[in-house]
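> predicted structure and sequence below. I'll ask about it afterward.
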Amino acid sequence: MASAGFREWLLALGISLATAMLVIAPFFRLGNASGHDIAFHASSWLDVAGQWREGIVFPRWTEWANHGFGEPRFVFYPPLSWMLGAALSFAVPWNAVPAVFIVIAQTLAGLCSFALARRFLPRNAALFGAACYAANPYTLLIVYMRSDFAEQLACALMPLVLLTALELCGLVENRHGSLSRAMAFFAMAFAAVWLSNAPAGVLASYSVALILAWAALAEKSLQPLWRGAGGLALGFGLTSFYLLPAAYEQRWVNIVQALSSGLQPSDNFLYMTIGDPEHNAFNWIASNVAVLLLMMTAIAGIAVRRETAQEQEGEQRKKLWRVLTLLSAVAAILMISPSLFFWEHLPKLRFLQFPWRWMAILAVPYAYFSAAAMVRKRMRWIWCAVVLIAASGTATLLVKKAWWDSNDIPFLQEAIANDQGFEGTDEYDPVNDDHTNLPAKAARMQVLPGKEFDVSAPQAEIHIERWTAEERVVRVTSREPVRVGLRLLDYPAWRVEVNGKAVKPEHAETDGQLIVPLAPGTQRVTAKFVRTPDRTLGDAISLIAMLTLLALLNAGGLRLLSASP
């Protein structure tokens, strides 16, 4: 199949954009969809935008979480989505950011799907596949009911990850001109998924591992494994500036809260019920969407198989069909309860929380098989009608079930403007803290009683010199020893100094508030969020990986490191 030219890509862009606009069409009449994660993502965007105005280029501490006490959210949550959301706020009004984010993500999704389908299918079929992927049932579930913008961005890139993995392991023709460039392009796509959403990164990692293992068996060679290992190593190296600190600093937070009751895989298999009616209602909807996606993928896959079986040529299409069928089967198995053994024993798989998240992988075969089915003239219009009915029916159901409210972002803006902030996240809570005990409204700094059973606190004068997300400077004057509590949670990355000398702060037993004992007189207290060794090491690894990436692209013919033509 010939490569797509500029006009074809322009047409793919137009169709993907038009499909994305159709996806957000209800927003124009009903306002923003207020899904499960809207407050989490919107608060992150607001916090990042505020820190950018303070001159903090790459935030790590979420200033306004836990009602201003903060949390290390940006250490653990991948950066691409919260950076994109914050950046959009400088171009469009805040209430328009969710819709614009969705349009960008789904336009990108259509283009990535077109890139995969056009390698094997005619133009019109690939364009249909782009539209199918941009409005696939799982995307509609994310948009209308979940508002998980990070996962949506990661899902947009999944077709590109699978395509570059197939090229790297040799199952399809490598059109990048060299193995080094194929490895570089795979690493970039793989890293982009991890930097968008960690659960999607786990999905991508296991899916790529399956592809590599299948290629090794099919080719009866270890070469696909070695190539894939190199690509994975480079991809993880590119993400090390985020992934290494996130992995190392898990010991400093209550990360196990990510698997609290209702968030474990065993609670979220298809049609699983627990003692929570709201959970059961949503799981029923997600399960129906998963079954629909499985049925559509199976029907289209069978039709495509009959077509490819009759072809004299097209061996690569057959290889692709086998790989996508394998991924579909694995996704189907892992969404049902008999697969619990794998969820309990495969590394990090349980942190996906929701088995139906495998729809993020299943959507890629769905879109490709739907595109390939359009090649068959006898079923072209029938299948087109089936896809349209399925997509519109799913969208109609989800729009009716969704909660629509455009006040989420204004409410958060008002809370920040009132110096109150917003609620924190259980799994990012420092180990010494129970954020449910933190007051909803607290002074930035307060003098505490000198002893545990004292009723009143000593008299002291407090003057705040500087108060930003990553630096707090306060001057305290008192005639007797005092204990001062900052509106800040104790976390190892915070370095506290008194009159320029580092001190070890205390923390409250019930809520983890950072407390500093001070001697009589005037004391200058400084708390600064510093670069920890794990962050330095992660940055160094990512820098080495970036230089390696440029070297691979240069060796492959792009000549990025050379001034010669």
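Ah, there it is.
> and the helices in the stretch 1-150 of the chain?
Listed in chain order, the helices of the stretch 1-150 of the chain (DSSP state H, counting those that start in this stretch) span 6-23, 25-30, 38-53, 73-76, 79-88, 97-118, 123-134, 137-141, 149-169.
> which stretch among these comes nearest residue 321?
helix 149-169 (11.8 Å; Cβ to Cβ). Where you see a C-beta, it was placed from the backbone N, CA and C, and this is true even at glycine.
> now tabulate the helices of the stretch 1-150 of the chain in JSON lines and tack on distance to residue 253 and mean neighbour count.
Listed next are these as JSON lines, based on distance: least, Cβ to Cβ, whole Å; neighbours: other Cβ atoms under 10 Å:
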{"stretch": "helix 6-23", "distance to residue 253": "35", "mean neighbour count": "17"}
{"stretch": "helix 25-30", "distance to residue 253": "34", "mean neighbour count": "14"}
{"stretch": "helix 38-53", "distance to residue 253": "16", "mean neighbour count": "22"}
{"stretch": "helix 73-76", "distance to residue 253": "7", "mean neighbour count": "24"}
{"stretch": "helix 79-88", "distance to residue 253": "17", "mean neighbour count": "20"}
{"stretch": "helix 97-118", "distance to residue 253": "27", "mean neighbour count": "25"}
{"stretch": "helix 123-134", "distance to residue 253": "35", "mean neighbour count": "26"}
{"stretch": "helix 137-141", "distance to residue 253": "29", "mean neighbour count": "25"}
{"stretch": "helix 149-169", "distance to residue 253": "18", "mean neighbour count": "27"}
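> want to throw those into TSV with distance to residue 260 and mean pLDDT?
Formatted as TSV, these follow (distance: least, Cβ to Cβ, whole Å; pLDDT from 0 to 100):
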stretch	distance to residue 260	mean pLDDT
helix 6-23	32	96
helix 25-30	32	96
helix 38-53	15	97
helix 73-76	16	96
helix 79-88	23	97
helix 97-118	27	97
helix 123-134	33	96
helix 137-141	22	97
helix 149-169	19	96
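> how near is residue 384 to residue 373?
Residue 384 sits 9 Å away from residue 373, going by Cβ to Cβ, to the nearest Å.
> what of residue 491?
53 Å.
> tell me which of residue 384 and residue 373 has more neighbours.
residue 373 (26 against 15; other Cβ atoms under 10 Å).
> pLDDT at that one, what is it?
With respect to pLDDT, residue 373 scores 91.
> how about the contacts made by it?
Counting by Cβ atoms under 8 Å, 6 or more residues apart in numbering, residue 373 touches 300, 303, 304, 307, 379, 380, 383.
> name the nearest residue to the last one, ignoring sequence neighbours.
In space, and not counting its chain neighbours, residue 383 is closest to residue 373: 4.7 Å by Cβ to Cβ, 6 or more residues apart in numbering.
> make a markdown table from the helices of the stretch 1-150 of the chain and add distance to residue 459 to it.
Formatted as a markdown table, the helices of the stretch 1-150 of the chain follow (distance: least, Cβ to Cβ, whole Å):
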| stretch | distance to residue 459 |
| --- | --- |
| helix 6-23 | 60 |
| helix 25-30 | 55 |
| helix 38-53 | 34 |
| helix 73-76 | 37 |
| helix 79-88 | 42 |
| helix 97-118 | 46 |
| helix 123-134 | 64 |
| helix 137-141 | 58 |
| helix 149-169 | 48 |
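> nearest to residue 245, out of the ones you listed?
Short answer: helix 73-76, nearest of the helices of the stretch 1-150 of the chain by Cβ to Cβ, at 5.5 Å.
> touching that closest one from outside, list them.
Contacts for helix 73-76 (Cβ under 8 Å, 6+ apart): 44, 48, 59-62, 65, 82, 245-246, 249-250, 253, 255, 425, 427-428, 493.
> now with 10 Å?
40, 43-44, 47-48, 51, 58-63, 65-66, 82-83, 198, 242, 245-250, 252-253, 255, 258, 424-425, 427-428, 469, 491, 493, 532, 534-535 (Cβ atoms under 10 Å, 6 or more residues apart in numbering).
> distance from the chain centre to that helix, please.
Mean-position distance between helix 73-76 and its chain equals 12 Å (Cα atoms, centre = their mean, to the nearest Å).
> before we move on, the earlier item: which among the contacts of helix 73-76 count as buried?
Buried by 16 or more other Cβ atoms under 10 Å: 40, 43-44, 47-48, 51, 59-63, 65-66, 82-83, 198, 242, 245-246, 248-250, 252-253, 255, 258, 424-425, 427-428, 469, 491, 493, 532, 534-535, out of the contacts of helix 73-76.
> from residue 153, how far out is the residue minimising distance to the centre of the chain?
With distances taken as Cα atoms, centre = their mean, residue 197 lies nearest the centre of the chain, 1.8 Å away. As judged by Cβ to Cβ, residue 197 and residue 153 stand 7 Å apart.
> what do you get for residue 240?
Residue 240 is 20 Å from residue 153, by Cβ to Cβ.
> could you do residue 402 as well?
20 Å.
> kindly report the same for residue 283.
Here the criterion is Cβ to Cβ. By it, residue 283 lies 24 Å from residue 153.
> and stretch 266-285, how far from the chain's centre?
That offset, for stretch 266-285, works out to 23 Å (Cα atoms, centre = their mean).
> name the residues that touch that stretch?
Contacts of stretch 266-285 (Cβ under 10 Å, 6+ apart): 36, 141, 144-146, 259-265, 286-288, 290-291, 294, 332, 334-340, 343-344, 350, 352-357, 394, 397-398, 401-402.
> for residue 420, grab the count of nearby residues.
Residue 420, neighbours per other Cβ under 10 Å, totals 15.
> helix/strand/coil for it?
For residue 420, the assignment made with DSSP: H, G, I helix; E, B strand; the rest coil gives coil.
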